[in-house]
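*Asks:* The following comprises the amino acid sequence and a computationally predicted model.
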Amino acid sequence: MSKIGIASPRSAATVSKHSRPGAATIIAVTSGKGGVGKTFVAANLAAALSRSGKKVLLLDADLGLANLDVVFNIHPKITLHDVLTGGATLEDAIIEVTGGISVLPAASGLVEYSRLTGEVQDELSAIIDQLAQRYDYLFLDTGAGISDLVLYSASLAREVLVVATPEPTSLTDAYATIKVLAMMQQRSIFHLLFNQVSKSGEGSRYAAQLGDVANRYLESQTATPIELHHVGDIPEDQSVPDALKKRKLLMHAYPGSPAALAMSKIAKAVSRI
Ligand SMILES: Nc1ncnc2c1ncn2[C@@H]1O[C@H](COP(=O)(O)OP(=O)(O)OP(=O)(O)O)[C@@H](O)[C@H]1O
Ligand SMILES: [Mg+2]
């Protein structure tokens, strides 16, 4: 894992609660740009970590536009929405899926979560506190963008894993996400994963570039050093959409594929976070 030290932004409108009680390592998977592989990464990292005996729960933090149900081929009747609105208990909503992974699914097509109320924030925080007592890892699979919900989800996590692809717009959005989280939540450590790379060493180059940009543009607003930890790269691999079409996890459908082998390596790095 390479580390790139850059200066950290400070002034904060929102203070992160990223030091939370409980046993679980809570990891928010985010990106800025949509469609870069957050859900794929979260689900398959969960699979890789659960293989080594860890208890892992994936929470679909895209409360109005859920994805994890599709990846796991589940059709939940009860979702996080029911828990948040008091219509169901956590136990009712959690689904144990393949390989000992648990999923807390969200609903799809709910416009009310495009704005985040204080009430939902408190509920979500309480839910995550409860889950943290029961699992080794909690992955918060966020939606795209830097909405209040994405930022709040990140604030509930101990670690933030930023997924980016080599596309310039993805790199720009990854940087914007890091900047906002660093400035609003005083987060100083970010984990970077580059997905859909075509050449080895590509991710290290992008991680260095992001570090340089952050250093140059955020330095004046920072007081404590930020570290960008590059956890690894995943190649562009046809096995990824093929597994999705079969409604299976890549780690289960194509464990020997280049993307699955890269994911196993990254899971080892993540287990040392
Ligand atoms: N390494 C890869 N090689 C080939 N295809 C990939 C790879 N990673 C992801 N994909 C494909 O990219 C698409 C988007 O992936 P995914 O849904 O995980 O992204 P996302 O960031 O969660 O999107 P959203 O922002 O909408 O939540 C999927 O069809 C997936 O199969
Ligand atoms: Mg997704």
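*Replies:* Cool, got the structure. Ligands and ions are numbered 1, 2, ... in the order given.
*Asks:* residue with max distance from the center of the chain?
*Replies:* residue 220 (28.4 Å; CA atoms, centre = their mean).
*Asks:* Doesn't it belong to a strand?
*Replies:* No - counting by DSSP: H, G, I helix; E, B strand; the rest coil, residue 220 falls outside a strand, being helix.
*Asks:* Next, count neighbours for residue 212.
*Replies:* 12 (other CB atoms under 10 Å). Where C-beta positions appear, they are placed from N, C-alpha and C, glycine not excepted.
*Asks:* The residue of the stretch 51-200 of the chain found nearest ligand 2: how many residues sit nearby?
*Replies:* With CB to the ion as the measure, residue 67 is the residue of the stretch 51-200 of the chain nearest to ligand 2, at 4.0 Å. Residues lying near residue 67 (other CB under 10 Å) number 19.
*Asks:* Quick one: residues contacting the closest residue to it other than its chain neighbours.
*Replies:* In this structure, residue 67 finds its nearest non-sequential neighbour in residue 39, 4.5 Å apart by CB to CB, 6 or more residues apart in numbering. Going by CB atoms under 8 Å, 6 or more residues apart in numbering, residue 39 touches 67-68, 71, 141.
*Asks:* does residue 229 sit in a helix, a strand or a coil?
*Replies:* Applying three-state DSSP: residue 229 is strand.
*Asks:* and what of the one 5 residues further on?
*Replies:* When the structure is reduced to helix, strand and coil (three-state DSSP), residue 234 reads as strand.
*Asks:* give me the element the residue of the stretch 1-150 of the chain found nearest ligand 2 is part of.
*Replies:* Ligand 2 sits closest to residue 39 of the stretch 1-150 of the chain, with a gap of 3.3 Å, by CB to the ion. Per DSSP states H and E, residue 39 falls inside helix 38-51.
*Asks:* export that helix as PDB, just CAs?
*Replies:* Presented in PDB, the C-alpha positions along helix 38-51 are these (Å, rounded to 0.1, in the frame of the first residue of the first chain):
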ATOM      1  CA  LYS A  38     -18.500   1.200  -6.000                       C
ATOM      2  CA  THR A  39     -21.100  -1.500  -5.600                       C
ATOM      3  CA  PHE A  40     -19.000  -4.100  -7.400                       C
ATOM      4  CA  VAL A  41     -16.100  -3.300  -5.100                       C
ATOM      5  CA  ALA A  42     -18.100  -3.200  -1.900                       C
ATOM      6  CA  ALA A  43     -19.900  -6.500  -2.600                       C
ATOM      7  CA  ASN A  44     -16.700  -8.400  -3.700                       C
ATOM      8  CA  LEU A  45     -14.500  -7.000  -0.900                       C
ATOM      9  CA  ALA A  46     -17.200  -8.300   1.500                       C
ATOM     10  CA  ALA A  47     -17.000 -11.700  -0.200                       C
ATOM     11  CA  ALA A  48     -13.200 -11.800   0.000                       C
ATOM     12  CA  LEU A  49     -13.200 -10.800   3.700                       C
ATOM     13  CA  SER A  50     -16.000 -13.200   4.600                       C
ATOM     14  CA  ARG A  51     -13.900 -16.000   3.100                       C
END
